[in-house]
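Trainee: Turn this into a model:
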Amino acid sequence: MALNLSALKSAIKTYGAPLYASEPSNVAGTVSPDEYELVNDGTVIKYTDAQGLVMYFPIRKSVLDAGFGDDRVFTIGEFEATRDASGETTDGTPWSVTKGALKAFAY
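Mentor: Next comes the predicted model:
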């Protein structure tokens, strides 16, 4: 029997296209394990540059889903938003993204 999702339409949540492009618009370079610290339950890297400037880069969901080891070298790049979107985080904080906006991620 084929899956009839229309029968469950009111009970399931569907998602559209990915919010950010699959390929970076710009690449800043790489960071080695000795150059970053994992924070926010291992979903963000904290990087401090030579001048002491601290930066936080969320790790792309595809990398989190695939998993990675302690020796992971991350690439830092900017990804372009493919559409407008808004919502709330799990703690109720509102967020929004405008199509074309760039955001830096670790991947």
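
Trainee: Show me what stretch 56-70 is in contact with.
Mentor: 33, 39-40, 42-47, 74, 76, 79, 103-107 (C-beta atoms under 8 Å, 6 or more residues apart in numbering). From N, CA and C alone the C-beta is placed, and that goes for glycine too.

Trainee: what mean pLDDT does that stretch have?
Mentor: For stretch 56-70, mean pLDDT is 95.

Trainee: Would you mark the buried spots in it?
Mentor: For stretch 56-70, the buried set under the neighbour-count rule, 16 or more other C-beta atoms under 10 Å, comprises Phe57, Ile59, Arg60, Val63.

Trainee: Likewise for stretch 82-99?
Mentor: Thr82, Val97.

Trainee: The buried residues of stretch 56-70 in strands, which ones?
Mentor: Phe57 (DSSP state E).

Trainee: tell me which of the buried residues of stretch 56-70 is nearest to Ser86?
Mentor: Arg60 (20.4 Å; C-beta to C-beta).

Trainee: ok, the closest one to Pro94 distance?
Mentor: Separation of Arg60 from Pro94 (C-beta to C-beta, to the nearest Å) stands at 23 Å.

Trainee: hey, where'd the helices end up in the chain?
Mentor: 61-66 (DSSP state H).

Trainee: From Arg72, how far off is Thr98?
Mentor: From Thr98 to Arg72 the distance is 31 Å (C-beta to C-beta).

Trainee: same deal with Glu88?
Mentor: For Glu88, the distance to Arg72 - C-beta to C-beta - is 30 Å.

Trainee: Next: Glu37.
Mentor: 13 Å.

Trainee: What of Thr82?
Mentor: 26 Å.

Trainee: Can I have the buried ones of the contacts of stretch 56-70 as a ChimeraX selection?
Mentor: Of the contacts of stretch 56-70, the buried ones can be selected in ChimeraX as follows, counting by 16+ other C-beta under 10 Å:
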select :44,45,47,74,76,79,105,106,107
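
Trainee: among the contacts of stretch 56-70, which are in strands?
Mentor: Of the positions in those, Val39, Val44, Ile45, Lys46, Tyr47, Phe74, Ile76, Phe79, Lys103, Ala104, Phe105, Ala106 sit in strands, assigned by DSSP E.
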